[in-house]
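> all I have is the shape, not the residue letters:
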C-alpha cells in the first residue's frame, strides 16, 4: 500500500499504532497511515461512518 487516509464522518473508532499505542478518533478526526506504519483497528461505535482513501486501489491486509 502506498498510503491510507481515514476521515471519521460519524461515531468513533479506536486504532493501535506500533510504537505509539492506542488512539481514539472521533467525528471530524483525520489520520494518515504511511505505507510502513503497522496499525490495527481495535474497536468502533455502532454508528461509525468512515471515509477511507487509499492507493493503490487494492489494499492488502497482513496478519501479524
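Received the coordinates, thanks. Just so it is clear, the structure is predicted and the values come from calculations on it, not from any experiment.
> now the strands for this protein?
3-10, 12-17, 21-26, 30-33, 39-44, 49-55 (DSSP state E).
> quick one: neighbours of the residue nearest to residue 41 when sequence neighbours are not counted, just the number.
Residue nearest to residue 41 in three dimensions, not counting chain neighbours: residue 15, with 6.0 Å by C-beta to C-beta, 6 or more residues apart in numbering. C-beta: built from backbone N, CA, C; applies to glycine. Residues contacting residue 15 under the criterion other C-beta atoms under 10 Å number 19.
> just the one 5 residues further on next, same as before
Counted with other C-beta under 10 Å, the neighbours of residue 20 add up to 11.
> next, give phi and psi for it.
phi -130, psi -20 (degrees, to the nearest 10).
> what is residue 24 paired to in the beta sheet?
residue 14 (DSSP bridges).
> just use 737 as the starting number from now, easier for me
Sounds good: first residue 737 from here, last item residue 760.
> that one against residue 747, yeah?
No. Using C-beta atoms under 8 Å, residue 760 is not in contact with residue 747, being 11.0 Å away.
> give me the more crowded residue out of these two.
Neighbours were counted for residue 760 and for residue 747 using other C-beta under 10 Å; residue 747 has more, 15 against 12.
> that one touches residue 782, doesn't it?
Yes. The criterion here is C-beta under 8 Å, and residue 747 meets it with residue 782 at 7.3 Å.
> on that earlier part again, could you redo the strands of the chain as CSV and give each row mean pLDDT?
As requested, the strands of the chain are exported to CSV (pLDDT from 0 to 100):
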stretch, mean pLDDT
strand 739-746, 92
strand 748-753, 94
strand 757-762, 96
strand 766-769, 89
strand 775-780, 92
strand 785-791, 90
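> distance of residue 739 relative to residue 762?
Applying C-beta to C-beta, to the nearest Å, the value for residue 739 to residue 762 is 22 Å.
> oh, I was asking about residue 792
Taken as C-beta to C-beta, the span from residue 792 to residue 762 is 29 Å.
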